[in-house]
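Visitor: just a sequence and a predicted model for now, questions to come.
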Amino acid sequence: MTAMRPAAAVQAPPAPGRDGGAAPVIELEAVAKTYGERPPVHALRGVSLTVHGGELAAIVGPSGSGKTTLLHVMGTLEGPTAGVVRIDGIDVAGLGDRQLAALRARSIGFVFQQFFLAEHQTALDNVADGLLYAGIGAGERRLRAGQALARVGLTHRSGFRPATMSGGERQRVAIARALVGRPAIVLADEPTGNIDSAAGASILELLQQLNADGATIVVITHDRDLAGRLGRQVRMLDGQIVSDSTREHQQ
Amino acid sequence: MTAALDLVPARLTADDLARVASVGLRTRPLRAALSALGIAIGVAAIVAVLGLSSSSQAGLLAEIDQLGTNLLTVSSGTTFTGQTAQLPVAAPAMIARIGPVQSVADTALVPNNATVYRSPLIPAINTNALEVQAASLNLPGVIATSVAQGSYLNAATATEPVAVLGASAAQRLGIDQVYPGEKIWLGGMWFYVGGILSPAVLAPEIDTSVLVGFIAAERFLGYHTSVTGHPVPGQPTMIYVRAQTSQVAAVQSVLAQAAYPEYPNQSAVSQPSAALTARAQAQGALSSLFLGLGAVALLVGAVGVANIMIISVLERRSEIGLRRALGATKGQIRAQFIAEAIMLALIGGAVGVAAGALATAIYATAKGWAVVIPPLAWGGGIGAAVAIGAVAGLVPALRAARLSPTEALRTT
């Protein structure tokens, strides 16, 4: 297995949406997640959900509805207590820490509410760090980071440090970092939660535009207005999906 | 689609590891400097102690070298029956005939244990442990000492009641200057003080001696020789021999034979510089106390680094969570923090070696010694720092790696 390491590391993931959006990138079957023992907290109770390549989906619900836990399970940051999770066609059950890390490096991009940018690095280096654990050389990382910054419209800010940028610009940098590896799926946790509404609207536009270019994006939010403007809305309450608007009405 | 078997994490290159490991150093340089300071002090102490003892040793060896390693001494040994043997009167002359011998001087203990005092009023019991010796005129040159005050014996003063004091003898008698007419009470009569010698490193027994000429010893102190009525130098107690440096061993091997052909084993031959060299080399053992103090400083420094690393891991939870989300394995997080601790300790170690070497260089230069920093000191200092960094970083790094990604990403 160790002999395969370099080859596997540089293998590029399939471009999202290339197959006409038909291939499922996230498949959850009856996923349950329980924390603690006395009393047990049921964060997820039998969630089944499939996200196909090329989708722009919102998972919406009030706080405590289990949407952040769902994001963590979809992002393989924690495993389910019960049920099946398949990411990019791979069943994550039974994968070890190293395999899960490799899966995240290759197939999943994260965008967080708090951006989590390194303040001592320029925007370009922050974006390039999105490829740090993917086995790509430093020069190539910076090259691709430059392209990703261009996609989010921040080429002119590539040499700036996050502290000198607005909240909207920082979130764009974080989005570029999530996209730089061309992952099968981008998971965004309250991407507009920490920025003003005007910047939030432009972030939403950016996500829509990126989705139109082929990126598969799942946005977790408690903001119904924001969710309403995305192609698919999955509503959650008390750890269960209460509605999935895919077929009911297309926005 | 891709199979799970392909899921092998990429390895970080050394460059990338160094870059992620230096994040803490770059974002909080003052904190890094302070935590490295403890290790720097410990390493500096160890390097300085080892460097100073090596340098002082080198200085001593250089001094011995300058005084000459070609001095040999012949002293009277003991007879078969355990009495003190007497060297033959002709011994110095016999030795001078050995080819590679350059010069010969001798001293003879004046019999009846002649004593010396500042004045006749001093109680007889206060001998100050000084010896009165008759000495040949070329003695200072042969034992490589100089005259600190006044002048040494010469052909004229060697026949008169004139004494030259060894360095310690002068001190014990309370004489630090030679002025005309200065006298000491020697063997029951006044002797003029002709001069004071500098300390004789190669012949410390001269330091505690009061030297008079052979003829003066014969005339005034009852030192007798019985060679056909001529006043020749008598039975010596110590013969100092300078040989050609390349022939020292050869001369040493025949010296006893030449000094006392009948009973070669009744004379003792030695090489004072060899004994001094051995003593200089043994002196390093004295510095173990300071090495211990340096080790304690290193230990304190290690605790400091461990402490900073634990705080750093707590503060950088979100960075750890982000890295895990970007695809870092537990092992990569662990490696990052261990490498950071090693880097901290290494910086401390390098600064410590530099400071210790500088301290050694300044002190040794001031003392006129050669600057010697043994490889063990700086190599050991750097090595110890790396080992300390690895040990100090281990627990924080394990904690960082064990942190679950979701817990690390939680901001409230």
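Guide: Here it is on my side, so go on. These figures come from a predicted structure and were not determined experimentally.
Visitor: where does residue B:181 sit: helix, strand or coil?
Guide: What DSSP: H, G, I helix; E, B strand; the rest coil gives for residue B:181 is coil.
Visitor: settle this for me: it is touching residue B:192, isn't it.
Guide: Yes. Contact criterion Cβ atoms under 8 Å: residue B:181 and residue B:192 qualify, at 7.2 Å. Placement of C-beta: from N, CA and C, glycine included.
Visitor: pick out whichever of those two has more residues nearby.
Guide: The neighbour count for residue B:181 versus residue B:192, taken as other Cβ atoms under 10 Å in any protein chain shown, is higher for residue B:192 (17 against 6).
Visitor: host element of the closest residue to residue A:200 other than its chain neighbours?
Guide: Counting by Cβ to Cβ, 6 or more residues apart in numbering or on different chains, residue A:192 is the residue found nearest to residue A:200 once chain neighbours are left out, at 3.4 Å. Under the criterion DSSP states H and E, no helix or strand holds residue A:192.
Visitor: just checking, residue A:192 touches residue A:220?
Guide: No. Residue A:192 lies out of contact with residue A:220 (Cβ under 8 Å); the separation is 11.1 Å.
Visitor: which residues are common contacts for those two?
Guide: In terms of Cβ atoms under 8 Å, 6 or more residues apart in numbering or on different chains, residue A:192 and residue A:220 are not both contacted by any residue.
Visitor: get me the contact residues on chain B for chain A.
Guide: Residues of chain B lying close to chain A by Cβ under 8 Å from any Cβ of the partner chain are B:1-13, B:15-16, B:20, B:23, B:26-27, B:318-319, B:321-332, B:404-406, B:409, B:411.
Visitor: only whichever of the residues you listed are buried, select them in PyMOL.
Guide: Burial among these is assessed by 16 or more other Cβ atoms under 10 Å in any protein chain shown; the matching PyMOL selection reads:
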select buried, chain B and resi 2+6+7+8+9+10+11+12+16+20+23+27+318+319+321+322+323+324+325+326+327+328+329+330+332+405+406+409
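Visitor: out of the residues of chain B next to chain A, list just those in strands.
Guide: With DSSP state E as the criterion, strands contain none of the residues of chain B next to chain A.
Visitor: so what's the nearest residue to residue A:126 once chain neighbours are set aside up against?
Guide: In space, residue A:126 comes closest to residue A:117 once its chain neighbours are excluded; the distance is 5.0 Å by Cβ to Cβ, 6+ apart. Contact analysis of residue A:117 by Cβ under 8 Å, 6+ apart lists A:126, A:162, A:170, A:173, A:174, A:177.
Visitor: same thing with residue B:302?
Guide: Contacts of residue B:302 by Cβ under 8 Å, 6+ apart are B:38, B:39, B:345, B:388, B:391, B:392.
Visitor: burial count for residue B:316?
Guide: Other residues within reach of residue B:316, judged by other Cβ under 10 Å, total 19.
Visitor: okay, helices next: where are they in the stretch 51-200 of chain B?
Guide: Applying DSSP state H, counting those that start in this stretch to the stretch 51-200 of chain B gives helices spanning B:91-96, B:139-143, B:167-173.
Visitor: distance to residue A:154 added to the ones you listed, as CSV?
Guide: What follows is those, written out as CSV (distance: least, Cβ to Cβ, whole Å):
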stretch, distance to residue A:154
helix B:91-96, 95
helix B:139-143, 86
helix B:167-173, 84
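Visitor: can you say which of those helices is nearest to residue A:40?
Guide: helix B:167-173 (90.5 Å; Cβ to Cβ).
Visitor: which parts of the stretch 51-200 of chain A sit against chain B?
Guide: A:72, A:75, A:77-78, A:88-91, A:95, A:97-106, A:108, A:110, A:112, A:114, A:116, A:118-120, A:129-130, A:132-138, A:177.
Visitor: which among the residues you listed count as buried?
Guide: Buried among those by 16+ other Cβ under 10 Å: A:72, A:75, A:77-78, A:88-90, A:95, A:99-106, A:108, A:110, A:112, A:114, A:116, A:118, A:129-130, A:132-136, A:177.
Visitor: among the contacts of residue A:117, which ones are in helices?
Guide: A:126, A:170, A:173, A:174, A:177 (DSSP state H).
Visitor: what about the stretch 301-412 of chain B, any weak spots by pLDDT?
Guide: B:411-412 (pLDDT under 70).
Visitor: for chain A, give me its nearest residue in it.
Guide: residue B:327 (2.5 Å; Cβ to the nearest Cβ).
Visitor: show me the contacts for that residue.
Guide: Residue B:327 sits next to A:101, A:102, A:103, A:104, A:105, A:106, A:132, A:133, A:134, B:9 when contact means Cβ under 8 Å, 6+ apart.
Visitor: and the least confident of those?
Guide: Checking pLDDT across the contacts of residue B:327, the minimum falls on residue B:9 at 89.
Visitor: which residue, neighbours along the chain excluded, lies closest to that one?
Guide: residue A:102 (4.3 Å).
Visitor: what do you get for residue B:138?
Guide: Closest to residue B:138 by Cβ to Cβ, 6+ apart is residue B:105, at 5.0 Å.
Visitor: next up, the contacts around that neighbour.
Guide: Taking Cβ under 8 Å, 6+ apart as the test, what residue B:105 contacts is B:92, B:135, B:136, B:138, B:139, B:141, B:142, B:143, B:239, B:240.
Visitor: could you give the average pLDDT over stretch A:189-203?
Guide: Mean predicted lDDT for stretch A:189-203 stands at 90.
Visitor: can you show me the helices along chain A?
Guide: Under DSSP H, chain A gives helices at A:5-10, A:67-74, A:97-107, A:123-128, A:138-151, A:167-179, A:197-212, A:224-228.
Visitor: tell me, how many neighbours does the residue nearest to residue A:200 end up with?
Guide: Residue A:192, neighbours per other Cβ under 10 Å, totals 23.
Visitor: list the residues that contact the closest residue to the residue of the stretch 301-412 of chain B closest to chain A other than its chain neighbours.
Guide: Nearest residue to residue B:327 in three dimensions, chain neighbours excluded: residue A:105, at 2.5 Å (Cβ to Cβ, 6+ apart). Going by Cβ under 8 Å, 6+ apart, residue A:105 touches A:133, A:134, A:135, A:181, B:9, B:10, B:326, B:327.
Visitor: pLDDT score for the residue nearest to residue B:138?
Guide: 91.
Visitor: ok, residue B:54 next?
Guide: For residue B:54, the predicted pLDDT is 84.
Visitor: and for residue B:128?
Guide: 82.
Visitor: isn't it right up against residue B:172?
Guide: Yes. The criterion here is Cβ under 8 Å, and residue B:128 meets it with residue B:172 at 4.2 Å.
Visitor: who's more crowded, the two?
Guide: Each of residue B:128 and residue B:172 has its neighbours counted (other Cβ under 10 Å); residue B:172 has more, 20 against 17.
Visitor: which residues sit in contact with the more buried one?
Guide: Counted by Cβ under 8 Å, 6+ apart, residue B:172 has contacts B:128, B:129, B:130, B:208.
Visitor: for those, which one is nearest residue A:206?
Guide: residue B:208 (96.2 Å).
Visitor: mind showing which ranges of the stretch 1-150 of chain A have poor pLDDT?
Guide: A:1-22.
Visitor: for it, which segments count as strands?
Guide: A:24-35, A:41-52, A:56-60, A:82-87, A:90-91, A:108-111 (DSSP state E, counting those that start in this stretch).
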